[in-house]
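Chemist: this is a predicted model, with the sequence first.
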Amino acid sequence: MQREVGSFPIAPSIRARLVAAGFHTLHDVIDLAVSEVAGEAGISEEAAQEALQILKRQGSDSQILKHTALELLEQEQAQGCIITFCSALDEILGGGVPLGKITEICGPPGVGKTQLCMQLAVDVQIPECFGGNDGETVYFDTESSFRVERLVEIANACVLHCSLITQAHQEEGHSLAMQRFTANNILSQIYYFSCQDYIELLAHIHTLKDFLAKHLKVILTNQMTTRIEPRESFLVPALGDSWAHAATSRLTLHWEGMQRYATLCKSPGQKESTIQYQITHQGFRDVQTAHPEMDSSKPEINPRKRPREDDTE
Ligand code: ATP
Ligand code: MG
């Protein structure tokens with residue numbers, strides 16, 4: 001619904017002139033230049049500018065309020081998430097790393113942040129018929145840690161997983177999708193940018209504005225650093241606590257002895273939980289359990305199309 005110009009807190013004499021000139025709703029006036037509004041309404045340019053400022057500021061506030069909670073819920077559900085190939089992690093995240101939101105992944109050196117990002121860069125491309133996103137990836141590397149050979153291993157494992165599902169189900173849609181879903185095609189849809197510093201990162205983001213509007217799923221990784229204080233030193237996220245407010249969720253990867261753990265420490269919709277994971281030749285995975293029948297290391301891309309036990313790698 002378009003808000004009436006008469007309902008904005010503009011000086012009454014100016015408001016009356018605007019309405020008399022035919023500017024009844026926000027839509028009638030919002031895209032016009034100051035000089036046009038001034039000319040048509042017979043007011044000074046200063047008055048027109050002031051009125052336009054009020055209309056734009058308060059008009060955008062009313063735009064923010066235009067969704068109902070149900071619409072927001074539907075939008076969220078439509079966006080979905082990226083599976084990690086670690087089903088325990090997907091579960092605590094509510095299905096995987098959410099699309100359309102910022103997830104901060106932090107943890108000490110060597111724990112697996114880059115491995116997880118490379119896994120996600122591949123997984124976001126899983127075709128929709130397998131329950132994936134059929135997406136593309138823009139990867140900003142600020143630490144020169146991107147290893148394309150490693151990416152090939154992860155991509156091959158993902159392709160193999162989908163081809164085993166295809167063999168098991170014999171569905172035409174799967175076979176067609178697999179013609180395109182190859183390691184080479186996955187690599188060709190990962191757009192890689194190396195950034196030496198924060199300034200370069202911002203510059204890349206600005207030059208990619210149009211591209212980002214259509215594609216980017218943002219994963220932010222925040223390396224841990226040691227904060228030295230007089231008596232003790234602490235391991236803290238290197239980007240600082242202020243980033244905690246920018247990210248919707250924070251996932252902390254950490255060690256307990258020789259085991260790797262992931263803790264979801266901040267999430268608007270999921271409870272705080274910790275799970276164990278491992279990094280294998282194939283990528284980011286669940287830890288094998290002692291009971292094969294309870295083994296969750298075989299990810300289900302789409303639970304509705306659950307592959308049989310012998311379908312997976
Ligand atoms: P940093 O903060 O230094 O960037 P990080 O958290 O990004 O560290 P990663 O590079 O993601 O760490 O993880 C490195 C770990 O991944 C190594 O310790 C190694 O154990 C594991 N890893 C890497 N490649 C393989 C592989 N092919 N097979 C098994 N494990 C691997
Ligand atoms: Mg890294």
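Modeler: Received the coordinates, thanks. Ligands and ions are numbered 1, 2, ... in the order given.

Chemist: show me the contact partners of stretch 266-279.
Modeler: Taking contacts as C-beta atoms under 8 Å, 6 or more residues apart in numbering, the residues outside stretch 266-279 that touch it are 86, 88-89, 91-94, 112, 115, 244, 247-250, 259-265, 284-288. C-beta here means a position set from N, CA and C on the backbone, and glycine is covered the same way.

Chemist: give me the phi and psi for the residue of the chain found nearest ligand 2.
Modeler: In the chain, the residue that lies nearest ligand 2 is Thr114 (3.2 Å; C-beta to the ion). Backbone torsions for Thr114, taken as degrees, to the nearest 10, come to phi -70, psi -40.

Chemist: for Glu172, see how far away the nearest residue to it once chain neighbours are set aside is.
Modeler: Leaving aside its sequence neighbours, Thr114 sits nearest to Ser145 (C-beta to C-beta, 6 or more residues apart in numbering; 4.8 Å). Look at Ser145 and Glu172: by C-beta to C-beta, to the nearest Å, they are 40 Å apart.

Chemist: ends of stretch 135-154, what's the gap?
Modeler: Start-to-end span of stretch 135-154 (C-alpha to C-alpha, to the nearest Å) is 16 Å.

Chemist: touching ligand 1 at all, it?
Modeler: Yes - interface with ligand 1: stretch 135-154 contributes 143, 145, 150, 153 (C-beta under 6 Å from any ligand atom).

Chemist: after the strand or helix carrying Leu187, next one along is what?
Modeler: Remark: Leu187 resides in helix 183-188, with elements defined by DSSP states H and E. Sequence-wise, the next helix or strand downstream of helix 183-188 (DSSP H and E) is strand 190-194.

Chemist: what lies in contact with the following helix or strand past that next one?
Modeler: With elements assigned by DSSP H and E, the helix or strand that comes after strand 190-194 is helix 198-207. Residues outside helix 198-207 that contact it (C-beta under 8 Å, 6+ apart): 140, 142, 193, 195, 212.

Chemist: repeat that for stretch 26-38.
Modeler: Contact partners of stretch 26-38, identified using C-beta under 8 Å, 6+ apart, comprise 2-5, 18, 22-23, 40, 43-45, 47-49, 51-52, 55-56, 59, 62.

Chemist: pLDDT score for Gly94?
Modeler: Looking at Gly94, its pLDDT is 91.

Chemist: tell me the contacts of it?
Modeler: Going by C-beta under 8 Å, 6+ apart, the list of residues near Gly94 reads 81, 267, 269-270.

Chemist: same question for Ala155.
Modeler: So Ala155 contacts 122, 183, 186-187 (C-beta under 8 Å, 6+ apart).

Chemist: can you turn the buried part of those residues into a ChimeraX selection?
Modeler: Selection of buried members from those for ChimeraX, criterion 16 or more other C-beta atoms under 10 Å:
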select :122,183,186,187
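
Chemist: possible to save the contacts of Ala155 as CSV with distance to ligand 2 and pLDDT?
Modeler: Formatted as CSV, the contacts of Ala155 follow (distance: C-beta to the ion, whole Å; pLDDT from 0 to 100):
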residue, distance to ligand 2, pLDDT
Val122, 16, 95
Ala183, 22, 97
Ile186, 20, 96
Leu187, 19, 96
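
Chemist: look up how far Arg17 lies from the residue in the chain sticking out farthest from the centre.
Modeler: Residue distances from the centre of the chain (C-alpha atoms, centre = their mean) peak at Gly42, which lies 48.3 Å from the mean C-alpha position. As defined by C-beta to C-beta, Gly42 lies at a distance of 6 Å from Arg17.

Chemist: what's the pLDDT at the residue of the chain closest to ligand 2?
Modeler: The model's pLDDT for Thr114 equals 91.

Chemist: does it touch Phe146 like I think?
Modeler: Yes - contact criterion C-beta atoms under 8 Å: Thr114 and Phe146 qualify, at 7.4 Å.

Chemist: next structured bit after the helix or strand that contains Glu74?
Modeler: Using DSSP H and E, Glu74 sits in helix 69-79. Using DSSP H and E, the helix or strand that follows helix 69-79 in sequence is strand 81-82.
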